[in-house]
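Student: I'd like to go over a predicted model; first the sequence, then the structure.
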Number of protein chains: 2
Amino acid sequence: MRTAVLGGVLVTPDEVIEDAGLLIEDGKIAFVGTREELEESEDWEDELTLDEHDVILPGLINTHTHGPMTIFRGVADDLPLMQWLEEEIWPLEERLDAEKCRWGAALAAVEALKSGTTCLVDMYFYMDAVAEAYAEAGIRAVISHGMIDLGDEDKREEELKETRRIYRKCHGLEDLIEVSLGPHAPYTCSEELLREVRRLADEWGVKIQIHVAETRDEVKQVKEETGRRPVEYLDEIGLLGDDVIAAHCVWLTDEEIDTLARREVIVSHNPASNMKLASGVSPVPDMLDRGVTVTIGTDGCASNNNLDMLEEMKLAALLHKVDREDPTATKALKILKMATSWAEGVYSLAKIGRIEEGYAADLVILDGSSPRMSPCHSPVSNIVYSATGADVKHVFVGGEQVVENGRVTTVDEEEVLERARECAEQLTASNRT
Amino acid sequence: MRTAVLGGVLVTPDEVIEDAGLLIEDGKIAFVGTREELEESEDWEDELTLDEHDVILPGLINTHTHGPMTIFRGVADDLPLMQWLEEEIWPLEERLDAEKCRWGAALAAVEALKSGTTCLVDMYFYMDAVAEAYAEAGIRAVISHGMIDLGDEDKREEELKETRRIYRKCHGLEDLIEVSLGPHAPYTCSEELLREVRRLADEWGVKIQIHVAETRDEVKQVKEETGRRPVEYLDEIGLLGDDVIAAHCVWLTDEEIDTLARREVIVSHNPASNMKLASGVSPVPDMLDRGVTVTIGTDGCASNNNLDMLEEMKLAALLHKVDREDPTATKALKILKMATSWAEGVYSLAKIGRIEEGYAADLVILDGSSPRMSPCHSPVSNIVYSATGADVKHVFVGGEQVVENGRVTTVDEEEVLERARECAEQLTASNRT
C-alpha cells in the first residue's frame, strides 16, 4: 500500500520544501520532494491532500518523561522541592498500581499524539501496563523500569528482576515499544547497580535512561559519596556511551560537558521542569558549542504540567537567550533539530526524526488555518515560536494515521480521559485516608 | 435578554465554584453561584449548558501588545537587538499603511479571541484602522497612537495631532474601544511631549501607555540625558499615576519599585518578549512583594511570536522560579490574577477582569475534554501550567458570544487570514525592492 501526502510546506528539518510531495510505503518514507516531482515519478493507491498553508514536520521526540504521572497534573505546585517530593509526590506514588499507571500512560499517549509527539522516552513503574497503553495508542516509546536501590542489595535484585521481566515481556511490542534500562540517578543507585546496568545494556543492546546533575544538591551528595561530580563519576565507572540518554544535565563543569561530548551521550534538556522546580538553567549553548547531542524532553506532568513539545521547544529557545543575555543563543532551527533529527539516537526499532527516504513515516501536520501559523514568513519560526501542540491536525506513526483532524484514531479519547480522571480521584482519595 | 451559563467549574478568580450557574443580563454578570442556586432564584430566556469538566474564567487581559505586528510573525528572529530593529523591523514598519495595519489587527483580534483574550492594550500606528478591526471582531481594546518625537518640535505636534484625531474618531467606538495616550518611551519622547501627555490624560480622563526600562541600554541612555533612571525621571516630571500602564519594567532599583507602588502604576510584565530579545528578567517577585500592580502582556508578534496569554501566564510563572532559584515564587493563582482581576484598571468603559455581579460578561470557557485539562486536581493549576490558548472553547465579550466551539463568530476567519497573508507578502516584497 502506497500513500501520497500532497501539498503543504515540508520541513525535513534540514530543508524546507513548498508544495511538497511525500510517498509512504510499508510504513516508511519512499519519496521526498515537491508535489510535481512526486506526480511525475511515482504512483500510489491512497492519498491525503493538505491545505497550501499546512506545515509538515517530523514527529517530535520527547526524550524524557514519566507518562503515568499525567494523572498527577496539578496535584501539587509551587512548593519547595523536598516538600513537594516527600509530602506530595512520594506518598501519592506509593498508592499507584498497574491500573493507574496504565490509564495515566494512556492519557499521556493521547496528549502526546495530539500535540505532535510520536516517540516518548519514559521511565516509571508498572511499565508493562504502560507499554500496553502506548502500543494500543500507536505511539513509539523507549520505556524503562525506574530502578532505585539506595545501596540495598535485596532492593537491587528486586529492581533488576523487574527490569528483566519488562524486557522479556515488552521489548519489541507491536514494533513500537523498545525496552531500556532505567537506573534513576547516580545518587539513588549504587555503583554495583550502575555497573550491572552497563553490563546488561551491552548484553541486550538496549539504551540506558538516567537522571544526571538535575540539582545542586545532587552534585553535592554525589561528591560527598564518591569524591566525584555526577558525570565524572558515571564516566569513571564506565556507564557513559552513545546509548545513554541523560536527562536534565543542569549542573555541569566544562570538563563534564567535554566528557558528555566525547562519550556521545544524548542529553535530554527539560526547560519547563528545570524552571518550575527551580533546578537551574542547563548550559545548553555550551553543550551545543562543544558538540554534545542535546535533545528535548517535557519531564512528567507533576513538574511541567503538560507534554507539549511545541511549547517545550519555545521554552528551550527563550530560556537560554535571557539567561545568556544573548538573543542569538539557541536559534529556532537548532531547537527544532533538538526535538527531531538530533534525537534519532534514542530509538533503535526504526529510523526516526527526519523526513528522508528510508526513515519511518512519523509525520506531524500543523494546521495552516490556525492564526498562530499565519502569516508564514518562516515555517521553522512558526513551529518553534508560535504554534502550540493544539495546532496539530494530522499525525502519522510508521505510516499509520493516528491523529486525524485533531482526533486520535486508535483509542477512544473520551474513555481514556474518563478512566484517567477516575484513577486520579482514587489517587488523592486514598492519600487522604 | 437573560442568558444562563450552566455547569462547569468556575474560577472567579478569587473563588472556585463547581457545577456553576451564571446569569448574563444586558452584557453584565447578574448572578454568580452554583447551578442549583441559580435555578432556585432566577429565570432566563436563553441558556448555554457546559460540560462537567469545562472551566470558566474571566476574559484574559493582554496589557501590552502591538496588534498589527502580527503580520511580522517570524519575519526576523534570533538577531542582536539593534540589528533586529534597525535592519529588519524599522525598514518593514516604513512600508506599513492603514490597510496592512487593519488586517494585521484583524488577525491579532482573531488570534487573541480564540486564545481567550477579551481585552488588548495596544500601541501602534494607523490606530483608527486598528480600532475598526478590533470593534468589528468584538474585542475590547485600549489603543494608542505610538508617539516618538526624539526632541523634534514639528514631529511632536504631528504626533499629538494624530493622537487627537484618533481620540476624536475612535474613543468609545462600539462601547469596546478606549483611546489612550501612547508616548513610546522615556528615551524616544521629549520632556515637553511627556508633560503634554500628562496634561491631556488629565483633561480627557484617559490612560497612558508607555514602554519603561525595557533594556539596560535604555537606562544608560536616560541617565545620560536626564541624570535620572527611567522611573525616577518619569516621576519627577509628573507622568506617573494610576492611569499609567508601564510595559516591561525590567531594569528597576528597589526605590523605583517603591515609586511604582506609591504612584499605583500598572506594570505590564512581558516574559516571552524579554526572554526572546534577551532584555533581562523583570523583578516581578519584588514588585509583587512591594505592592506594585503587575499584569501580563504578550508584546507584539515580532518579539514573542504569538498572542497566547495562557502560554504567557506559564512563562511568567516559570521564569521567576528559575531566576530566583525558588519554586515558590510567582504561584499559579497570583499569575492568573495578573492576567485577569489585577489588570482591571487598564480599562474604563466597563468593569472587567472578574466574574462578579456587575462586571461585564467577559468569559472564557476552556474545553474540559482537552487532555491538557485532565485530570483536574486544580483548575487554577491547569489554566496556568497546562492549558494552551487552543484549549479555548467559548468566549463572551460583554455578553456576546464571540467564539463558539473554537470558531470566531463575528468575522470570517478565513478572510482575515487570507488578507493578513497578502499584507505580509506585500510587506516583505516591498522591502526587497
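Tutor: On my side now, so go ahead. Residues are numbered from 1 along each chain as shown, chains lettered A, B, ... in the order given.
Student: Which single residue of chain A ends up nearest chain B?
Tutor: A:Ala390 (2.9 Å; CB to the nearest CB). C-beta coordinates here come from the backbone N, C-alpha and C atoms, glycine included.
Student: Just confirm that residue contacts B:Thr388, I think it does.
Tutor: Yes. A:Ala390 is in contact with B:Thr388 according to CB atoms under 8 Å; the separation is 5.3 Å.
Student: In contact with the residue of chain A closest to chain B, which residues are there?
Tutor: In this structure, A:Ala390 makes contact with A:Lys114, A:Ser115, A:Gly406, B:Ser370, B:Arg372, B:Thr388, B:Gly389, B:Ala390, B:Asp391, judged by CB atoms under 8 Å, 6 or more residues apart in numbering or on different chains.
Student: got the contact list for the helix or strand that contains A:Glu158?
Tutor: Taking DSSP states H and E as the criterion, A:Glu158 maps to helix A:153-170. Residues outside helix A:153-170 that contact it (CB under 8 Å, 6+ apart): A:127-128, A:131, A:143-145, A:147-149, A:177, A:179, A:181-182, A:190, A:192-193, A:196, A:200, A:204, A:206.
Student: Okay, buried residues for that helix please.
Tutor: A:Arg156, A:Glu159, A:Leu160, A:Glu162, A:Thr163, A:Ile166, A:Tyr167, A:Cys170 (16 or more other CB atoms under 10 Å in any protein chain shown).
Student: Now do the same for the residue nearest to A:Met1 when sequence neighbours are not counted: its pLDDT.
Tutor: The shortest distance from A:Met1 to any non-neighbouring residue, by CB to CB, 6 or more residues apart in numbering or on different chains, is to A:Glu45 (5.8 Å). Here the pLDDT value assigned to A:Glu45 is 96.
Student: Could you report the distance from A:Glu45 to A:Ala4?
Tutor: In this structure, A:Glu45 lies at 9 Å from A:Ala4, with CB to CB, to the nearest Å as the measure.
Student: now do A:Glu404
Tutor: The gap separating A:Glu404 from A:Ala4 is 16 Å, by CB to CB.
Student: Looking at these two, which is more packed in?
Tutor: A:Ala4 (22 against 13; other CB atoms under 10 Å in any protein chain shown).
Student: would the more buried one count as being in a strand?
Tutor: Yes. Judged by DSSP: H, G, I helix; E, B strand; the rest coil, A:Ala4 forms part of a strand.
Student: ok, now which ones touch it?
Tutor: A:Gly21, A:Leu22, A:Leu23, A:Ile24, A:Leu38, A:Glu42, A:Trp44, A:Asp46, A:Glu47, A:Leu48.
Student: Residue numbers of the stretch 151-300 of chain A in contact with chain B?
Tutor: The stretch 151-300 of chain A comes close to chain B at residues A:Ala272, A:Asn274, A:Met275, A:Lys276, A:Leu277, A:Ala278, A:Ser279, A:Gly280, A:Val281, as judged by CB under 8 Å from any CB of the partner chain.
Student: give me the element the third one is part of.
Tutor: For A:Met275, the enclosing helix or strand under DSSP H and E is helix A:271-276.
Student: who's in contact with that helix?
Tutor: Taking CB under 8 Å, 6+ apart as the rule, helix A:271-276 contacts A:77, A:214, A:248, A:250, A:279-282, A:296, A:298-300, A:303-305, A:311-312, A:315-316, A:319, B:314, B:317-319, B:321-322, B:327, B:385.
Student: Quick check: mean pLDDT of that helix?
Tutor: Averaged across helix A:271-276, the pLDDT comes to 98.
Student: Can you name the helix or strand that A:Glu414 falls in?
Tutor: Using DSSP H and E, A:Glu414 falls in helix A:413-432.
Student: Okay, buried residues for that helix please.
Tutor: Neighbour-count burial for helix A:413-432 flags A:Glu413, A:Val416, A:Leu417, A:Arg419, A:Ala420, A:Arg421, A:Cys423, A:Ala424, A:Leu427 (criterion: 16+ other CB under 10 Å).
Student: Go back to those residues and keep what's next to chain B.
Tutor: Within the buried residues of helix A:413-432, those near chain B by CB under 8 Å from any CB are A:Glu413, A:Leu417, A:Ala420, A:Arg421, A:Cys423, A:Ala424.
Student: Pipe those into a markdown table and attach distance to A:Ala98 and pLDDT per row.
Tutor: Shown next, in a markdown table, are these (distance: CB to CB, whole Å; pLDDT from 0 to 100):
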| residue | distance to A:Ala98 | pLDDT |
| --- | --- | --- |
| A:Glu413 | 22 | 98 |
| A:Leu417 | 19 | 98 |
| A:Ala420 | 14 | 98 |
| A:Arg421 | 18 | 97 |
| A:Cys423 | 11 | 97 |
| A:Ala424 | 16 | 96 |
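Student: before we move on, back to that, please narrow the contacts of A:Ala390 to those residing in strands.
Tutor: When DSSP state E defines the strands, the subset of the contacts of A:Ala390 inside them is empty.
Student: quick check, nearest of those to B:Arg95?
Tutor: B:Arg95 has its nearest neighbour among those in B:Gly389, at 29.1 Å by CB to CB.
Student: My guess is A:Thr253 contacts A:Arg228. True?
Tutor: No. Look at A:Thr253 against A:Arg228 with CB under 8 Å: they stay out of range, at 11.1 Å.
Student: Have a look at chain A and report the helix or strand with the lowest mean pLDDT.
Tutor: helix A:81-83 (a mean of 85; mean pLDDT, DSSP states H and E).
Student: List the buried residues of the next helix or strand after it.
Tutor: Using DSSP H and E, the helix or strand that follows helix A:81-83 in sequence is helix A:90-94. For helix A:90-94, a neighbour-count test (16+ other CB under 10 Å) marks A:Leu92, A:Glu93 as buried.
Student: List the contacts of helix A:90-94.
Tutor: Around helix A:90-94, the neighbours that count as contacts under CB under 8 Å, 6+ apart are A:Phe72, A:Val75, A:Phe125, A:Leu427, A:Thr428, A:Asn431.
Student: That's all I had, so thanks and see you.
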